[in-house]
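Novice: let's see this in three dimensions:
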Amino acid sequence: QVHVVESGGGLVQAGASLRLSCAAPGRTFSDHAMGWFRQAPGKEREFVAAISWTSATAYYADSVKGRFTISRDNAKNMVYLQMNSLKPEDTAAYYCAAGHLPRRAVSTTPSNYGYWGQGTQVTVSS
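Specialist: You can find the predicted model right below:
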């Protein structure tokens, strides 16, 4: 069982930065890929970024590539999403998810992640 709790959201102006954190306590954290997804009102949940067990693989949605960075610290059971140059279109609820995938694998598909947090809101004003 992997419990997931996000934090770090907030209201910022366009161009600002935020760092989201995801705590996933539990001894199985290190063998799960971790992903960040987001969902804006009236829209479907979309993939943002994902990272494999040992951080060997990181993958980003085109919309955030070059602006967002995903990282993890297996010793602390933490995953981070550093978000720079935020845009109003980044406004959404951001969700952290854990998925038991092969060692170097990541996935952009929500159904491949079995454990989800409650989400943290990010609002970017223009």
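Novice: and residue 111, that one's in a helix?
Specialist: Yes - looking at residue 111 with DSSP: H, G, I helix; E, B strand; the rest coil, it is inside a helix.
Novice: tell me, what residue is most central in the protein?
Specialist: In the chain, the C-alpha nearest the mean C-alpha coordinate belongs to residue 36, at 2.2 Å (CA atoms, centre = their mean).
Novice: mind giving me the packing neighbours of the helix or strand containing it?
Specialist: Per DSSP states H and E, residue 36 falls inside strand 33-39. Applying 3 or more CB pairs under 8 Å, 6 or more residues apart in numbering; DSSP states H and E, one finds that strand 33-39 contacts strand 18-23, strand 46-51, strand 68-73, strand 78-83, strand 92-99. Every C-beta, even on glycine, is put in place using the N, C-alpha and C of the backbone.
Novice: what about the residue nearest to residue 45 when sequence neighbours are not counted, neighbour count?
Specialist: Of all residues not flanking residue 45 in the chain, residue 39 sits nearest, at 4.3 Å (CB to CB, 6 or more residues apart in numbering). Other residues within reach of residue 39, judged by other CB atoms under 10 Å, total 15.
Novice: gap between residue 39 and residue 28?
Specialist: Residue 39 sits at a distance of 26 Å from residue 28 (criterion: CB to CB, to the nearest Å).
Novice: show me what residue 69 is bridged to.
Specialist: Here residue 69 sits in beta bridges with residue 82, going by DSSP bridges.
Novice: now for it, how many residues are close by?
Specialist: 16.
Novice: wait, it touches residue 82, no?
Specialist: Yes - Residue 69 lies in contact with residue 82 (CB atoms under 8 Å); the separation is 4.4 Å.
Novice: in CSV: the helices and strands packed on strand 33-39, plus distance to residue 9 and mean pLDDT.
Specialist: Output for the helices and strands packed on strand 33-39, formatted as CSV (distance: least, CB to CB, whole Å; pLDDT from 0 to 100):
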stretch, distance to residue 9, mean pLDDT
strand 18-23, 7, 97
strand 46-51, 13, 98
strand 68-73, 14, 97
strand 78-83, 10, 97
strand 92-99, 6, 96
